[in-house]
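[1] sequence and predicted structure, then a few things I'm wondering about:
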Amino acid sequence: AGLTVAILGATGAVGTRMLAQLAQSTIPVKAVKLLASSRSAGKSLTFRGQSLTVEATTAASFAGVDLVLASAGSMVSKQFLPVAVEQGAVCVDNTSAFRMVPTVPLVVPEVNAGALREHHGIIANPNCSTIQMMVALNPIRQAVGLKQIIVSTYQAASGAGQSGLNEFYQEARDYLNGQQMTAKIFPTKGDQRHYPLAFNLLPQIDVLEDNLYSHEEWKMIHETKKIMLGDMNANDIKVTATCVRVPVPFSHGESIWIDTGRPDATVAQLHQALATAPGVVLQDDPQHQLYPQPLNATGTRATYVGRIRPDLENPGAFNLWVVADNLLKGAAWNAVQIAECLVAEGLIHAVA
Ligand code: A2P
């Protein structure tokens, strides 16, 4: 018994962590297939003490596969996931390829695991920045209310993949050695101009669109609405975002202003809602200078919340600071957690 699991993009920053999260999960695994580009074919990675060889991905790779965890880019997901579904697999996709398809569930298990029941073979993992914001704000929404969100992100270099992380480290070394920094990836691979991230801040993540927002900002707005309200264009919760890449390797920070719509709401109520919330660690003790930091969040599955304080001029509004590991809760762990839910709910079955 057990499932045959394929990791698509197994050699990447997220893929390697999907493999590690799968090894620590409750999912009954019969076999693991590691899929990447032909560049990585023949490389080996370890799963539960066993050495496995990476294969180049083709349509034939998905025969007999029950579960696909994908993080090899949108183009690769668009090319292969429909093929995998046709052959009987259920796919959890970390890319943005299918997130806004109305029939594809977009899931943060702590918030809307129920949406998994309507899946048609593909389930989308939300954007890393959206996920941690949902984990932090949903308990407040349930206990107190949520009318409006204004968020500014402080996003880690690893969000741009292993090559982005490598570029950032190289720039840091060059800068400290008094050498010219060379940028080829940041702010975003596909764009025309590139700028160093080391010792810098880049207020562009993904492409800048005609509406003046970056695509990352667009994702935070519309994914929030789809996850919390079931419709990417609903306006019961107003959302606006500014996304900034910062010279930190791992874990995203977010400064979030919210209006609960309840003028009598208190910090104590927010603390109470968050103290017992699934996936949340409340780190909010100003007397002891305790607040979330990327260095402490990295390598863990939790979303950390702190610096909760009332907006002194807007009753019912609050500021807070949220940090989570973008490669784990923001990607690999959320995907594996979705797969655990699918198994627990009997929503995935062995093909053979
Ligand atoms: P490879 O290492 O062979 O290039 P990251 O997000 O860290 O950049 O990782 C991207 C992942 O997606 C890597 O595992 C990469 O494999 C994989 N990948 C890139 N292009 C393809 C492709 N055309 N087919 C399958 N996997 C791909």
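    Happy to help now that I have it. Source: prediction; values computed, not measured. Numbers count the residues shown, from 1 in each chain.
[2] quick one: the strands in the stretch 151-300 of the chain, in order.
    Counting by DSSP state E, counting those that start in this stretch, the stretch 151-300 of the chain has strands at residues 238-245, 252-259, 280-282.
[3] need the winner for burial among those.
    strand 252-259 (a mean of 22; mean count of other CB atoms under 10 Å). For every residue, glycine as well, the C-beta is placed using N, CA and C.
[4] so what are the sheet partners of that one and their directions?
    The strands beside strand 252-259 in its sheet (DSSP bridges) come out as strand 148-155 (antiparallel), strand 317-324 (antiparallel).
[5] for the stretch 51-200 of the chain, what are the low-confidence residue spans?
    Within the stretch 51-200 of the chain, no stretch has pLDDT under 70.
[6] spell out which parts of it neighbour the ligand.
    57, 72-73, 76, 161-163 (CB under 6 Å from any ligand atom).
[7] return the distance of residue 103 relative to residue 123.
    Relative to residue 123, residue 103 is positioned 11 Å away (criterion: CB to CB, to the nearest Å).
[8] show me how the protein divides into domains.
    3-126+331-344, 130-325 (automatic domain parsing).
[9] looking at the stretch 51-200 of the chain, which residue is nearest the ligand?
    residue 161 (2.8 Å; CB to the nearest ligand atom).
[10] just give me the neighbour total for that residue.
    Residues contacting residue 161 under the criterion other CB atoms under 10 Å number 21.
[11] residues touching it, list them.
    12-14 (CB atoms under 8 Å, 6 or more residues apart in numbering).
[12] distance to the ligand, secondary structure and neighbour count added to those residues, as CSV?
    As requested, these are exported to CSV (distance: CB to the nearest ligand atom, whole Å; DSSP: H, G, I helix; E, B strand; the rest coil; neighbours: other CB atoms under 10 Å):
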residue, distance to the ligand, secondary structure, neighbour count
12, 2, coil, 24
13, 4, helix, 23
14, 6, helix, 30
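[13] any idea which element residue 308 lies in?
    Residue 308 is part of strand 303-310, with elements assigned from DSSP states H and E.
[14] beta partners for residue 258?
    Applying DSSP bridges, one finds that residue 258 bridges with residue 149, residue 318.
[15] what sits against it?
    So residue 258 contacts 137, 140, 146, 148-150, 317-318, 320 (CB under 8 Å, 6+ apart).
[16] thinking again about what came up before, the residues of the stretch 51-200 of the chain next to the ligand in helices, which ones?
    Under the assignment DSSP state H, these contribute 76, 161-163 to helices.
[17] for PyMOL, what selects the buried ones among the residues you listed?
    Remark: buried members of those, expressed as a PyMOL selection using 16 or more other CB atoms under 10 Å:
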select buried, resi 76+161
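[18] isn't residue 207 right up against residue 189?
    No - in this structure, residue 207 is not within contact of residue 189 by CB atoms under 8 Å, at 10.0 Å.
[19] thinking again about what came up before, quick one: which of the contacts of residue 258 is most hemmed in?
    residue 137 (25 neighbours).
[20] give me the nearest residue to it, chain neighbours excluded.
    Closest residue to residue 137 apart from its sequence neighbours, by CB to CB, 6 or more residues apart in numbering: residue 146 at 6.1 Å.
[21] helix/strand/coil for the one you found?
    coil (DSSP: H, G, I helix; E, B strand; the rest coil).
[22] residues in contact with it?
    137, 140, 228, 237, 258-261.
[23] again, but for residue 97
    Here residue 97 is in contact with 74-75, 77-78, 81, 124 (criterion: CB under 8 Å, 6+ apart).
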